[in-house]
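>>> below is the sequence, then the predicted model.
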Amino acid sequence: MKLVTIAGTRPEIIKLAYLVPLLNTHFDHKFVYTGQHFSPNMSDIFIDELNVKPDYDLQSNTSDIPIIRDKLFSLLRDLNPDYVVVYGDTNSSMAAALAARDINSKIIHVEAGVRDFDLHVPEEPLRIQIDEMSDYLFSPSNFCTTVLSYENTRGKIFTTGNLVVDVCKDLSKIANSRKISDSMPKEYLLLTLHRPENVDNQQNLKLLMNHISSTDYPVMFPVHPRTRKNLENFNIQVPSNVTIMNPLGYMDFLALMSNSKLILTDSGGIQEESITIKKPCITLRHTSARWETILLKANILFPPDREDNLHEVIKAMINAKINKNPYGENVAQKIVEILKTELT
């Protein structure tokens with residue numbers, strides 16, 4: 001049985017780090033990296049650290065779905081896989097699903113059923129369309145499985161958990177002891193911002209910096225390249241309690257997360273990682289696709305235009321007791337065992 005897994009972004013590399021080797025062991029399997037994330041700090045360093053080596057690197061250097069789809073079509077036509085594995089809701093995953101359909105290959109969607117319930121979120125239409133096209137859907141939680149049960153899903157649905165759990169749990173044990181810098185404060189918050197709704201919008205980015213300035217805690221801020229550029233272009237002052245850092249490798253970033261008091265982010269993947277390592281999270285958005293974490297009170301929404309004091313919200317969240325992870329365990333192994341049963 002021939003399988004091809006396709007990915008193109010930093011979160012996908014992290015989440016597929018344990019699944020790809022297992023697929024290599026049990027199937028005739030190839031791993032294709034589209035190069036949607038093409039900055040060395042944003043992709044190569046994760047491939048190197050996690051030892052996930054693609055069999056094919058398309059070096060697309062773009063997030064344009066038609067361009068990635070055309071590149072993938074040529075490759076998939078030659079490889080002629082029975083199944084194409086896609087992860088989540090990226091442009092690379094959408095392009096891969098379309099290219100798979102073009103060559104009449106069946107589609108396996110890992111991280112199915114994730115929803116913001118807001119079609120203005122760029123990923124939302126992609127998630128829905130990939131789920132509708134897929135033959136096998138692996139859901140990261142019972143919540144996502146319930147969502148799929150209400151939709152027009154033709155494929156077979158399995159609740160397996162979120163692949164990030166295995167990677168995050170294992171590597172955080174090692175990362176805990178890593179030293180990022182001699183000048184790191186003993187107690188700090190971690191901030192990440194990358195979503196266009198926050199960093200490409202001058203008003204929202206300014207509002208968020210104002211909110212961050214309200215807290216007494218030092219804030220460590222590994223800056224996404226686009227965010228750094230926009231802070232400069234919009235002439236927005238970074239608060240004095242914020243320490244700007246360059247993008248980090250995954251192990252260093254895990255160390256930064258593990259030793260923080262609380263995480264402020266607009267990243268879906270970091271919301272998942274936060275609850276996995278039992279760190280309280282504040283999501284700097286109006287919505288989230290990780291509703292499980294909010295229902296478990298491990299996460300709270302704080303959009304830029306919120307008028308109350310962020311510092312008070314941080315004080316209320318910082319000692320949150322996180323006793324449950326909704327995203328399972330041994331997830332990569334569960335997925336492979338199901339595939340071995342279903343595909344052979």
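Alright, I've got the coordinates.

>>> next SSE downstream of the worst-scoring helix or strand of the chain on mean pLDDT?
The helix or strand of the chain with the poorest confidence is helix 44-50; it has a mean of 74 (mean pLDDT, DSSP states H and E). Once helix 44-50 ends, the next helix or strand along the chain (criterion: DSSP states H and E) is strand 56-57.

>>> off-centre distance for that following strand?
21 Å (CA atoms, centre = their mean, to the nearest Å).

>>> got the contact list for it?
By CB atoms under 8 Å, 6 or more residues apart in numbering, the residues outside strand 56-57 that reach it are 30-33, 35, 75. Heads up, the C-betas are built off the backbone N, CA and C, glycines and all.

>>> looking at those residues, point me to the pair that's furthest apart.
Spanning the widest gap among those are Lys30 and Gly35, at 15.6 Å by CB to CB.

>>> if we can go back for a sec, inside strands: which ones of the contacts of strand 56-57?
Counting by DSSP state E, these place 30-33 in strands.

>>> now Met184: how far from Met209?
When distance is defined by CB to CB, to the nearest Å, Met184 is 21 Å away from Met209.

>>> re earlier: can you put the contacts of strand 56-57 in JSON lines and add neighbour count?
Listed next are these as JSON lines, based on neighbours: other CB atoms under 10 Å:
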{"residue": "Lys30", "neighbour count": "20"}
{"residue": "Phe31", "neighbour count": "22"}
{"residue": "Val32", "neighbour count": "25"}
{"residue": "Tyr33", "neighbour count": "28"}
{"residue": "Gly35", "neighbour count": "19"}
{"residue": "Leu75", "neighbour count": "18"}
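
>>> and which of those is nearest to Ala97?
Set against Ala97, the nearest of those by CB to CB is Val32 (13.2 Å).

>>> partner residues bridging the closest one?
On the basis of DSSP bridges, Val32 is bridged to Ile6, Tyr56.

>>> contacting residues for it?
4-7, 54-58, 72, 75, 96.

>>> using PyMOL, define a selection of the buried residues within these.
Buried subset of the contacts of Val32, written as a PyMOL selection, criterion 16 or more other CB atoms under 10 Å:
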select buried, resi 4+5+6+7+54+56+57+58+72+75+96
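
>>> would you mark the buried spots in stretch 205-220?
205-209, 211-213, 215, 217-220.

>>> what about stretch 273-282, start to end distance?
From its first residue to its last, stretch 273-282 covers 13 Å (CA to CA, to the nearest Å).

>>> neighbouring contacts of that stretch?
164-165, 168-169, 172, 254, 257-258, 260, 262-265, 270-271, 292-293, 296, 298-302, 310, 313-314, 317-320, 322, 325-327.

>>> domains in the chain, by residue range?
The chain breaks down by automatic domain parsing into domains covering 2-162+328-343, 170-317.

>>> of the ones you listed, which stretch is the most buried?
domain 2-162+328-343 (a mean of 20; mean count of other CB atoms under 10 Å).

>>> quick one: distance of that domain to the chain centre.
12 Å.

>>> what's the longest helix along the chain packed up against?
As assigned by DSSP state H, the longest helix anywhere in the chain is helix 65-79. Applying 3 or more CB pairs under 8 Å, 6 or more residues apart in numbering; DSSP states H and E, one finds that helix 65-79 contacts strand 2-7, strand 28-33, helix 91-102.

>>> by how many degrees do it and strand 2-7 diverge?
Put simply, helix 65-79 runs at 160 degrees to strand 2-7, going by axes from the mean of the first three to the mean of the last three CA atoms, to 10 degrees.

>>> hmm, who's touching helix 65-79?
So helix 65-79 is contacted by 2, 4, 6, 8, 30, 32, 34, 36, 56, 58, 60, 62, 84, 91-92, 94-96, 98-100, 102-103, 105 (CB under 8 Å, 6+ apart).
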